[in-house]
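Chemist: structure for this input, please:
(2 chains)
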Protein chains: 2
Amino acid sequence: MSLLVVGSVAFDSVETPVDKIEKALGGSATFCSVASSYFSNDVKMIGVVGEDFGEQNIQMLKNHKVDISGLDIVEGEKTFSYGCVYRDDMNIRDTLFTELNVFEKFDPIIPNEMREIPFLLLGNIMPALQLKVLDQMTNLKFTVCDTMNLWIDITLNDLLEVIKRVDLLVVNDSEVKMLSKDSNLIRASKKVLEMGPKYLIVKKGEHGALLFGEGKIFSAPAFPLETVFDPTGAGDSFAGGFTGFLTNSNEINFETMKKAVLYGSTLASFCVEKFSTKGIENLSIETIEERFNEFLKLSSVN
Amino acid sequence: MSLLVVGSVAFDSVETPVDKIEKALGGSATFCSVASSYFSNDVKMIGVVGEDFGEQNIQMLKNHKVDISGLDIVEGEKTFSYGCVYRDDMNIRDTLFTELNVFEKFDPIIPNEMREIPFLLLGNIMPALQLKVLDQMTNLKFTVCDTMNLWIDITLNDLLEVIKRVDLLVVNDSEVKMLSKDSNLIRASKKVLEMGPKYLIVKKGEHGALLFGEGKIFSAPAFPLETVFDPTGAGDSFAGGFTGFLTNSNEINFETMKKAVLYGSTLASFCVEKFSTKGIENLSIETIEERFNEFLKLSSVN
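Modeler: This is a model prediction of the structure:
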């Protein structure tokens, strides 16, 4: 089934302890769309870029059969640019600069013909914009929402309103504790579930992820990566892989979501192996299945 | 098969954010022995206590059919006493006092009739004492060793010597990074494996545990506890449950150890639900199996 992805499109300048890259393709909508394209053949992306966006980036998205008719290319403006440097353990990043550019006026108008799309992935953007998207959709079957600590800090009320209206929320372990004001991960997660969403995914980086819902808990392992080259986009790739797999499933239930979590983790694990979207650009279905099976093996007991 | 457990026996005074207890039974040998007694009917414990140890503690160990003929009760001396307070998130504890008492002169002499025991669990004590135990054993089939950050800090050379001579080392995630001087958990674990042991278990608290060996990795989930009443002894209970299950298995290999990790996690999860050894004193086989099955369900994908 069709999937609508809304989020940011950006140029990322990233410095890690081993290497650096400048003005590479990034943004939540970008990673989400590419990751989901491996599972869904009808991904439509909503976003905004400047005239500097570049033909090769458009071509990459088209190669993944992502419908970019909803990508607004604004003449005379520049694409959102973000710069950061990762510290030694790759768990903390310091922002070097944020140039919103065309993103400052991003107004996600969903074209009429896309308002009946049943699956919606709200990539990480300001909650007020996520609400605006929700208001325009007329036939939603399942909505996944990603967010970040910044919005918990500066625009909590809008975020709480979004959380009430989506089916599944994706956050990381520190964010779920912030949102619930509870330091116990399980209590915190249950409190966030009570805020509205039917399902909750808590990403824990090198410790895997937890899925909550239907009164059940699923614990997914992390892929044992010896080298994390660049963590940028890992969360978006997770959300994209997860939601993409879901749109292609016959049933939306806890059992399906367990597999979706592992496919999301699979895409995230490929993402961090290279800069920008390079790690998830050229995957084959066989490569994805192979790693998915390694995920299965990691926690299987005979 | 028989299991020899060597470690500390102590009185613990523990304060948590919700409650406190004074002079309660504790120590690595105690938790390890009780936890392993659910799987092995021939657990022999080596340790030292003062004349204040108390009949009820002896009786509790006897109730678990732990052979305490190797427990040295020294007249005129006091039992090792330890006091600590846990901070709000229960992940950090501050030591209030350490009264070594009789433990200061602990010299683990293994009785002749126990030197041929095939399974050895070296509970967390000073590495020099662990070495002394290893020197006396004549027919070891499998040795599990637990340790702590303190020994990495103050007596690293002895610890490295121990690590070389045991089959499996149990540490937590911060300790494996300290030992290897590597911040990536997977690289760190592989480096520690190269230091000698055939297998390595990395405990990660609320994030579960990892088992390494035979070129494979197993990721075990954590039990989703909403309340951790007292973390004291969780690591020892894990090591006891793990090793106990192993002594009762026909084959010592990676597949068996996966189950052993989940049984160890099961015992640890019961341990933290009450003060002292109370959480693991009165378990039935059915209660243990029930929680073991919940562990299996937590990460199973159909």
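Chemist: ok, the residue in the stretch 1-150 of chain A that chain B sits nearest to - contacts?
Modeler: Residue of the stretch 1-150 of chain A nearest chain B, by CB to the nearest CB: residue A:89 (4.4 Å). From N, CA and C alone the C-beta is placed, and that goes for glycine too. Residue A:89 sits next to B:183-184 when contact means CB atoms under 8 Å, 6 or more residues apart in numbering or on different chains.
Chemist: now it: how far from residue A:211?
Modeler: Distance, residue A:89 to residue A:211, by CB to CB, to the nearest Å: 26 Å.
Chemist: can you tell me how far the residue positioned nearest the centre of chain A is from residue A:267?
Modeler: The centroid of chain A falls nearest to residue A:236 when counting by CA atoms, centre = their mean (2.4 Å). From residue A:236 over to residue A:267 the distance is 9 Å, taken as CB to CB.
Chemist: give the residues shared as contacts by the two.
Modeler: By the contact definition CB under 8 Å, 6+ apart, residue A:236 and residue A:267 are jointly contacted by residue A:35.
Chemist: which pLDDT value goes with the residue nearest to the centre of chain A?
Modeler: With respect to pLDDT, residue A:236 scores 98.
Chemist: doesn't residue A:124 make contact with it?
Modeler: Yes - at 6.9 Å, residue A:236 counts as touching residue A:124 under the criterion of CB atoms under 8 Å.
Chemist: what is in contact with the two at once?
Modeler: Shared contacts of residue A:236 and residue A:124, defined by CB under 8 Å, 6+ apart, are found at A:7, A:28, A:146.
Chemist: contacting residues around the second one?
Modeler: Remark: with contacts taken as CB under 8 Å, 6+ apart, residue A:28 is in contact with A:7-8, A:123-125, A:146, A:236, A:239.
Chemist: isn't residue A:165 right up against residue A:134?
Modeler: Yes - taking CB under 8 Å as the definition, residue A:165 is a contact partner of residue A:134 at 5.4 Å.
Chemist: what do the two both touch?
Modeler: Here residue A:165 and residue A:134 have residue A:143 as joint contacts, going by CB under 8 Å, 6+ apart.
Chemist: and the helix or strand residue A:178 falls within, what does it pack onto?
Modeler: Element membership of residue A:178 [criterion: DSSP states H and E] is helix A:173-180. Counting contacts by 3 or more CB pairs under 8 Å, 6 or more residues apart in numbering or on different chains; DSSP states H and E, helix A:173-180 is packed against helix A:149-154, helix A:185-193, strand A:199-203.
Chemist: who touches the helix or strand containing residue A:129?
Modeler: Residue A:129 is part of helix A:127-136, with elements assigned from DSSP H and E. Helix A:127-136 has contacts (CB under 8 Å, 6+ apart) with A:6, A:46, A:106-110, A:115, A:120, A:122, A:140, A:143, A:145, A:147, A:151, A:155, A:158-159, A:161-162, A:165-166.
Chemist: so which bits of chain A are right by chain B?
Modeler: Contact residues, chain A versus chain B (CB under 8 Å from any CB of the partner chain): A:88-89, A:183-187, A:190, A:204, A:206-208, A:210, A:217-222, A:224-228, A:255, A:258-259, A:262, A:296, A:298-302.
Chemist: how about a cut-off of 7 Å?
Modeler: Proximity of chain A to chain B (CB under 7 Å from any CB of the partner chain) is limited to residues A:88-89, A:183-187, A:204, A:206-208, A:217-219, A:221, A:224-226, A:255, A:258-259, A:262, A:296, A:298-299, A:301-302.
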